[in-house]
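> output the structure for:
(chains A, B and C)
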Amino acid sequence: MEKLLAGLNEPQREAVLHTEGPLMIIAGAGSGKTRVLTFRIAHLLAKGVDAFNILSLTFTNKAAREMKERIEKLVGTDARNLWMGTFHSVFARILRAEAEKLGYPSNFSVYDTDDSKSLLRSIINEMQLDDKLYKVNGVLSRISSAKNRLITPNEYLNNPILMSDDENANRPKLGLIYKAYAERCFKAGCMDFDDLLFNTCKLFHLHPDVLNKYQRRFKYIMVDEYQDTNYVQYMITRQLSAINNNICVVGDDAQSIYAFRGADISNILNFEKDYPDLYVVKLEQNYRSTKNIVHLANSVIKHNQAQLRKDVWTDNEEGNLIELIKATSDNEEGRIVAQSIFEEKNQNHWKNADFAILYRTNAQSRAMEEALRRLNIPYKIIGGLSFYQRKEIKDLIAYLRYTVNHNDEEAFKRIINYPKRGIGDSTVSKIVVTAVDNGVSIWEAMMNIERFMPGRVANAVTEFTDLVRGFELAVQTKDAYDAANQIAKESGILKELYEDKTVEGMARYENLQELLNAIKEFAEDKEREDRTIGAFLQEVSLLTTTDEKDGEENNDKVTLMTIHMAKGLEFKQVYVVGMEEDLFPSQMMMQSRADLEEERRLFYVAVTRAEKKLTLSYALTRYKYGRLHQCEPSRFLQEIDARYLYVPKKTSQQDMMADDYFSAMTKLGGPQSGFNIKRKEPPKPTPAAGMAEHVPSPNFKPSDTSLLKAGQRVEHPKFGFGEVVMIDTGGNEKKAKIMFDTVGEKTLLLSFAKLMIL
DNA sequence: CTATCGCACTGTAGT
DNA sequence: AGTGCGATAG
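Predicted structure coming up:
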């Protein structure tokens, strides 16, 4: 252990050795956070703490797995009993043991996002609401944020602020949808992802003895990526640590990039208030990047207001200046980047795997892919559809789920007529209606179908129930693999796919075989206590893209991914592409969310992935929904301290300055036929450049909305002129609704910094 | 019950 | 432009 500690700097060592009492580690980018965390746990174990008493919460399964491996390397098999995992996986496990206390079956299924959406769609239909007004995505995110703030359906319905919000948004029934949704999930014996945390809190609240049991068990609690936790996660950790008070949170407020899914940066900003005797360690030395990269990152993030004082510095070499590339189009941007990778690779003797191309949205990968393929540069794309999101996989999983839990409504809907067995929508709704009328479950109704729907349909339904009962028997008597195999065969899925001789069909068949292999591995894993289908389903429902194995031998590939996926990774050279206004920072974010501070943190995360070289690029035109659009450079390029930037003389491969190219194109009335340039709409009443600093009015402090009065005229650089129509200052959130003359109504949260009172 | 047509969407991500 | 889902017609 001493040997290990010798390699650490002073704050790192402090973080490792400070084991008793609350601790907050503010870990800047590239400051050796993972190392500190693993050493800290190893140190606890070396001190004689039982692994059984340590709980370590991470943000992804992958992070948990990697950390566990590292610790096992340090301390050996002592690490076996560590509880290490995501919030969801850890508390799903606890809920599985305690579910009955909340009225759930212990084999509850977990709804994924698609299941949730499908259920919501049914509910919105059944309530005869306008699905254009009640969009599934919007409704789901509203319900999700309510659950993340521990608001029950009834509390929602009794909350005047939420209700008036909904009314103003013309969606007064949202609370009722939430209530119906929660009831349906409960009846189906299912939890969605948010329920796993919500119900954990509920369990602890209703059963203090259970809470006490786990409080005494988890003597040491660690939370990684604390800046990305939401309110319910905050409550869980707070309650669990209430007795022993040994809680250690690690995070970096400058890398909080998940507000859009409910992460609450104030968790980390206000942590001090909850634990007065808190000890704070700041890891500020960056070991990853050159001075130029670190300075550039700092020069942008300093524009943010909400942050902890932190000063990231590095001892590393100065390094190259950051290259800024201007391209005429997204396709040319791709060509230049691919060409650059080709040249840099030879020049520095780097591998393909030393390069990453980062972008804001997945759609941007296309141009990059084409260019790389043209130069025969191998690449891999991280993200996109995961294995477990594929239709054929979800179908078989749905059969398994339904076999285990006959109340699982979404699984039922998926499999009842797939493969086709003559039970269509009308039959299904008749069954559902009968079940509801008689107060029995759908399953029971189907078991008695001859009584109310005798005839041909009844036979089909009985065949189906017999089939499922056979599966049930198989699950009880055989091991997971044999049972799954039987289900795949007898359900007819396997046959259906086998008969499809198209390329896609063959791929689907192979995917199914791969799923069966995965079940086989699971069933034969001797280290696992619970090797049933139920346990498999639970694990699989919490698995994602990043958790899947690479599987390929040749891993020397250029990595393409979104900035979000890049967090925690590092590459010798990084290209951040698409540095254009409205794309990065994203227009959508700017309309709905706090403001551009999160986008700025996203930029910070992107550039700090680079070790040696960093290249930024933007295009002047870009394809969007099949049409060519005109773009403007991102405001972030203006915020960068110019000292760190360098613009190569020749940026266009056609040896033509991009500006000339574009003006030539527009003079000709657009490029050749088939092109259809969508001109950017002229900026609203703001200065011509569209990038000039907007000076806030002197009487108006950003984020202080109390100065706004209904009826006031205001101006916003993005949305133009408008009128304040409503303010509510209830709770912590200050909100104002502004009716903009051209854009319509906007609810602004924190973006008041740019708002002028006229 | 199935096939086809038309419309809407097109955002980052983990569980 | 392309896809995927839902509604409607057959």
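> taking chain A, what residue is nearest to DNA strand C?
A:G626 (2.6 Å; Cβ to the nearest atom of the strand). The C-beta positions use only the backbone N, C-alpha and C, and glycine is treated the same way.
> burial of that residue, as a residue count?
When counting by other Cβ atoms under 10 Å, one arrives at 6 neighbours for A:G626.
> now do A:R643
Using other Cβ under 10 Å: A:R643 sits among 11 other residues.
> check contacts around the residue nearest to it when sequence neighbours are not counted.
Nearest residue to A:R643, sequence neighbours excluded (Cβ to Cβ, 6 or more residues apart in numbering): A:H295, at 7.9 Å. Shown in contact with A:H295 (Cβ atoms under 8 Å, 6 or more residues apart in numbering): A:D641, A:R643, A:Y644.
> nearest spatial neighbour of the closest residue to DNA strand B within the stretch 301-450 of chain A, chain-adjacent residues omitted?
Per Cβ to the nearest atom of the strand, the residue of the stretch 301-450 of chain A with the smallest distance to DNA strand B is A:G424, at 2.2 Å. Distance criterion Cβ to Cβ, 6+ apart; nearest residue to A:G424, sequence neighbours excluded, is A:N417 at 6.3 Å.
> Three-state assignment for that neighbour, please.
coil (DSSP: H, G, I helix; E, B strand; the rest coil).
> with the one 4 residues further on instead?
For A:R421, the secondary structure call by three-state DSSP comes out as coil.
> how near is it to A:T462?
11 Å (Cβ to Cβ, to the nearest Å).
> ok, A:L400 next?
Applying Cβ to Cβ to A:L400 and A:T462 gives a distance of 22 Å.
> who has more neighbours out of these two?
Taking other Cβ under 10 Å, A:L400 and A:T462 do not tie; A:L400 has more neighbours (27 against 15).
> re earlier: how near is the residue of chain A closest to DNA strand C to DNA strand B?
Using Cβ to the nearest atom of the strand, to the nearest Å, one obtains 8 Å as the distance from A:G626 to DNA strand B.
> now do the phi/psi pair for that residue.
Torsion angles at A:G626 (phi, psi; degrees, to the nearest 10) stand at phi 80, psi 0.
> and the pLDDT at it?
At A:G626, the model reports a pLDDT of 74.
> and for the closest residue to DNA strand B within the stretch 151-300 of chain A, nearest residue in space, chain neighbours not counted?
Per Cβ to the nearest atom of the strand, A:F193 is where the stretch 151-300 of chain A lies closest to DNA strand B, at 2.6 Å. Leaving out its chain neighbours, the residue that sits closest to A:F193 by Cβ to Cβ, 6+ apart is A:H88, at 6.2 Å.
> how much space separates the residue of the stretch 301-450 of chain A closest to DNA strand B from A:V337?
For A:G424, the distance to A:V337 - Cβ to Cβ - is 51 Å.
> could you do A:L583 as well?
Taking Cβ to Cβ, one finds A:L583 at 16 Å from A:V337.
> if we can go back for a sec, test my guess that the residue of the stretch 151-300 of chain A closest to DNA strand B contacts A:A92.
No: between A:F193 and A:A92 there is no contact, the gap being 9.5 Å when judged by Cβ atoms under 8 Å.
> those two: which is more packed in?
A:A92 (25 against 19).
> and the host helix or strand of the more buried one, what does it pack onto?
Taking DSSP states H and E as the criterion, A:A92 maps to helix A:87-98. On a contact count with 3 or more Cβ pairs under 8 Å, 6 or more residues apart in numbering; DSSP states H and E, helix A:87-98 meets strand A:54-58, helix A:193-206, helix A:231-240, helix A:533-541.
> can you pull the residues of the stretch 201-350 of chain A lying near DNA strand B?
A:Y258, A:F260, A:R261, A:G262 (Cβ under 7 Å from any atom of the strand).
> could the residues you listed be laid out in TSV, adding neighbour count and pLDDT?
Shown next, in TSV, are those (neighbours: other Cβ atoms under 10 Å; pLDDT from 0 to 100):
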residue	neighbour count	pLDDT
A:Y258	19	88
A:F260	15	80
A:R261	12	79
A:G262	19	80
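> quick check: A:T615 is in a strand.
Yes: per three-state DSSP, A:T615 lies within a strand segment.
> stretch A:404-419 close to DNA strand B?
Yes: with Cβ under 7 Å from any atom of the strand as the criterion, DNA strand B is reached by stretch A:404-419 at A:N417.
> torsion angles phi and psi at A:A182?
phi -60, psi -40.
> right, and the residue of the stretch 301-450 of chain A closest to DNA strand B touches A:I416 too?
No: look at A:G424 against A:I416 with Cβ under 8 Å: they stay out of range, at 9.3 Å.
> so which of these two has more stuff around it?
A:I416 (21 against 13).
> what sits against that one?
A:I423, A:V428, A:F464 are the contacts of A:I416 under Cβ under 8 Å, 6+ apart.
> how about a cut-off of 10 Å?
A:398, A:402, A:423-425, A:427-428, A:431, A:442, A:446, A:460-461, A:464 (Cβ atoms under 10 Å, 6 or more residues apart in numbering).
> many thanks, we can stop here.
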